[in-house]
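Q: Predicted coordinates and the sequence they were generated for:
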Amino acid sequence: MIRFACPHCDTVGQAPDQLAGAVVPCAACGRQMQVPGADTVKLPSPFELPPASPRAVPGSLTLESGVAYVEETAAQQRRRRREHNRLLWGFAAILGAVVVACVVGYFAYRGWMRSTREDRVEYHVLTRLAGQYEQLEAAAKADSPRDHYRLRLDAVRRDRAEIADRHPLWSVMSPPLSDEEYRQVEDVAKRRLSVHLLYDSLDGQKIKEARD
């Protein structure tokens, strides 16, 4: 085979040796050209070029460099896997610590609620009574009942302060109540206020009879 370039478009073509010297059209541009003779220097075929040495081509891989590359890649993957596992274990440890803290805090809160139930109910009862006596004191028209309600109010506040001394946090934040405890506070406060008012009315009648 004769390899040659078109003089018009520089397209490289080839023709059999029997067509040496013949005029043929170019396969690319279609213009006529003459096939060189057999003694004409042929363009080298890429299949006829001698194989290049691996070291002569920059960036080429030999067997040793390929093995080293594979080992380095595997080492990088192992390092990334270890870092990934380390992050996962750290996250799992933090999550476990948070869960344990929540569970311990929940049971500690339940224990605190049970141990302070009586004080919490009494604290809220005294708070309700203090509010009622403040309203009665403000609504009283005479000095005698007003002074009497003032004494009741001072006693209620004193009892509530004693409970708050045992639980300093309650002076800043009111202790929580469950629904059952809230209903109990309402009932106890109403009954105790009714009893106090009944005693106050009886004392008032006795004082009035004594004066008469």
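A: Good, I have the coordinates.

Q: those strands in this protein, which residues are they?
A: For the chain, strands defined by DSSP state E occupy the ranges 2-5, 12-15, 23-25, 32-34.

Q: Now do the third one, average pLDDT.
A: Strand 23-25 carries an average pLDDT of 79.

Q: where does this structure dip in pLDDT?
A: In the predicted model of the chain, residues 1, 38-67, 69, 142-144, 171-172, 200, 202-212 satisfy pLDDT under 70.

Q: spatially speaking, which residue is in the middle of it?
A: Leu95 (10.8 Å; C-alpha atoms, centre = their mean).

Q: Surely Val35 touches Pro16?
A: No. No contact is recorded between Val35 and Pro16 when judged using C-beta atoms under 8 Å, the distance being 9.0 Å. Any C-beta I mention is one placed from the backbone N, CA and C, and that applies to glycine too.

Q: who touches both of these two?
A: When C-beta atoms under 8 Å, 6 or more residues apart in numbering defines a contact, the residues bordering Val35 and Pro16 alike are Ile2.

Q: any idea how this structure splits into domains?
A: Dividing the chain into domains by automatic domain parsing, as the record does, gives the ranges 1-52, 62-115, 116-211.

Q: Tell me which of these sits most buried.
A: Relative to the other members of the domains of the chain, domain 116-211 carries the highest mean neighbour count by mean count of other C-beta atoms under 10 Å, namely a mean of 14.

Q: which residues sit in contact with His8?
A: By C-beta under 8 Å, 6+ apart, the contact set of His8 is 26, 29, 31, 33.
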